[in-house]
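Participant: take a look and give me a structure for this.
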Amino acid sequence: MKKKVGILFGGKSAEHEISILSAQNIFEAIDKTKFDPVMIKIEKSGQWQMDAVNQFDVIFPILHGPFGEDGTIQGYLKLADKPFVGPDVLGSAAGMDKDVMKRLFRDAGIPIGKFLTLKSCENVPPFSEVKAALGCGANGAPVFIKPANMGSSVGISKASSESEYLAALKEAFQYDTKIVMEEFIPGREIECAVLGNEEPVASVPGEITPSHDFYSYDAKYIDTKGASLQIPAKLDEETTKRIQQLAIKVFKTLCCEGLSRVDFFLKTDSSAPDNIIVNEINTIPGFTKISMYPKMWEASGISYTDLITRLIEFAVSRYERDSKLKTSR
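Facilitator: Residues are numbered from 1 along each chain as shown. From the prediction side, this is the model:
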């Protein structure tokens with residue numbers, strides 16, 4: 001008997017439109033000999049097209065950003081006692097907040113760049129102090145300013161002057177009450193996909209070369225020539241292995257399950273093993289047919305359709321495992 005799969009998409013975040021694209025692609029590609037997919041849209045207002053998820057066997061949330069990728073929907077689905085694709089409440093919440101995420105990485109010994117956190121209720125430090133703290137003062141390198149809880153490069157700016165800094169703060173605070181300020185790390189942008197529950201595996205890495213200043217929202221989704229993708233990335237065997245091992249360590253550190261994409265910088269100014277820096281994790285990465293997550297798995301031997309099937313199977317397997325634990329208590 002086919003499982004009825006609810007593809008949950010849309011949502012209240014600024015990534016609403018990207019979620020729609022991901023959901024449409026999943027609906028078209030899902031194996032309809034095994035699954036009966038139904039689209040469940042959440043409007044920008046927060047209104048659901050359907051009143052409940054109880055009629056489904058499993059939910060595939062493809063909600064990017066706040067109110068979808070941050071543990072809120074995952075908590076709702078746990079309360080509804082429904083299996084769902086992707087990390088649980090803890091992994092989702094920790095992975096969404098760039099400040100918390102980076103502190104957990106740091107404590108786990110995962111290499112990250114220098115960063116500062118600023119809340120909207122705090123006094124704004126002078127740009128000179130920020131640059132000095134991030135090690136950008138001497139070489140004049142820019143500072144990246146981001147909302148702590150947002151994805152798809154929404155609200156991110158690069159600041160090289162006091163005026164750009166103040167404008168970047170204003171932009172980032174439109175999306176969150178907490179922001180992170182990061183050092184500029186010159187190098188290549190490498191990504192790696194992770195798949196699985198207790199024994200996750202990593203894909204071949206891919207590389208992004210933006211044609212813009214950085215991999216901005218426009219470069220990702222609007223400008224068709226915003227970036228070039230190289231999958232697999234041109235890396236030596238040792239570097240590939242270290243990136244894959246780090247991706248799995250990041251995944252496990254945040255207690256993730258199902259899927260995630262881990263983003264790296266491969267520094268050009270230092271030698272191994274100090275040249276790989278973890279930037280962030282995305283617990284519900286973009287899922288269009290041309291998105292990096294499915295493309296990296298395709299290059300690793302798993303088709304887009306088979307990837308969707310495996311993710312649903314991992315969701316059901318986790319649910320059955322957790323249900324057994326509940327009954328044994």
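Participant: ok, so what distance separates Gly301 from Met292?
Facilitator: 16 Å (C-beta to C-beta, to the nearest Å). From N, CA and C alone the C-beta is placed, and that goes for glycine too.
Participant: and those two? which has more neighbours close in?
Facilitator: Met292 (25 against 9; other C-beta atoms under 10 Å).
Participant: list the residues that contact the more buried one.
Facilitator: Met292 is in contact with Glu191, Ala193, Gly206, Ile208, Leu229, Ile231, Arg261, Pro285, Gly286, counting by C-beta atoms under 8 Å, 6 or more residues apart in numbering.
Participant: please enumerate the strands of the stretch 1-150 of the chain.
Facilitator: 3-10, 35-42, 58-61, 115-119, 143-147 (DSSP state E, counting those that start in this stretch).
Participant: of all these, which one is nearest Leu311?
Facilitator: strand 58-61 (7.3 Å; C-beta to C-beta).
Participant: and the nearest residue to Pro111 once chain neighbours are set aside, what is it in contact with?
Facilitator: Counting by C-beta to C-beta, 6 or more residues apart in numbering, Pro111 lies nearest to Ile277, which is 5.3 Å off, once chain neighbours are set aside. Contact analysis of Ile277 by C-beta under 8 Å, 6+ apart lists Pro111, Ile112, Gly113, Ile185, Gly187, Phe264, Phe265, Leu266, Lys267.
Participant: now Ser291
Facilitator: Taking C-beta under 8 Å, 6+ apart as the definition, contacts of Ser291 comprise Ser22, Pro285.
Participant: distance of it relative to Leu259?
Facilitator: Counting by C-beta to C-beta - Ser291 and Leu259 are separated by 12 Å.
Participant: between the two, which contacts overlap?
Facilitator: Joint contacts of Ser291 and Leu259 (C-beta under 8 Å, 6+ apart) are Pro285.
Participant: ok, then the element right after the helix or strand bottoming out on mean pLDDT in the chain?
Facilitator: Across the helices and strands of the chain, the lowest-confidence element by mean pLDDT, DSSP states H and E is helix 217, at a mean of 54. Per DSSP states H and E, the first helix or strand lying C-terminal to helix 217 is strand 227-230.
Participant: paired strands for that next one, with orientation please.
Facilitator: strand 206-210 (antiparallel) (DSSP bridges).
Participant: next, the buried residues of the partner strand.
Facilitator: Judged by neighbour count (16 or more other C-beta atoms under 10 Å), strand 206-210 contains these buried residues: Gly206, Glu207, Ile208, Pro210.
Participant: for the third one, which residues are in contact?
Facilitator: Okay, so that is Ile208. Glu189, Ile190, Glu191, Tyr215, Ala227, Ser228, Leu229, Met292.
Participant: out of the residues you listed, which end up buried?
Facilitator: Counted by 16+ other C-beta under 10 Å, the contacts of Ile208 give Glu189, Ile190, Glu191, Tyr215, Ala227, Met292 as buried.
Participant: between the residues you listed, which is nearest Lys3?
Facilitator: Met292 (27.3 Å).
Participant: could you dump the contacts of Met292 into TSV and include distance to Ser92 and pLDDT?
Facilitator: Shown next, in TSV, are the contacts of Met292 (distance: C-beta to C-beta, whole Å; pLDDT from 0 to 100):
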residue	distance to Ser92	pLDDT
Glu191	19	98
Ala193	17	98
Gly206	23	98
Ile208	24	93
Leu229	26	91
Ile231	26	97
Arg261	14	98
Pro285	13	93
Gly286	16	90
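Participant: in a markdown table, list those along with distance to Ile18.
Facilitator: Converted to a markdown table, the contacts of Met292 look like this (distance: C-beta to C-beta, whole Å):
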| residue | distance to Ile18 |
| --- | --- |
| Glu191 | 16 |
| Ala193 | 17 |
| Gly206 | 18 |
| Ile208 | 16 |
| Leu229 | 17 |
| Ile231 | 20 |
| Arg261 | 14 |
| Pro285 | 10 |
| Gly286 | 6 |
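Participant: in the stretch 151-300 of the chain, which spans are helices?
Facilitator: 162-172, 217, 237-253, 292-299 (DSSP state H, counting those that start in this stretch).
Participant: quick one: least confident of the buried ones among the contacts of Ile208?
Facilitator: Least confident of the buried ones among the contacts of Ile208 in the model: Tyr215, at 53.
Participant: what residue ranges in this structure score low on pLDDT?
Facilitator: In the predicted model of the chain, residues 51, 137-139, 151-152, 212-226, 269-273, 328-329 satisfy pLDDT under 70.
Participant: could you chop it up by domain?
Facilitator: 3-86, 115-183, 186-305 (automatic domain parsing).
Participant: that's all I had, so thanks and see you.
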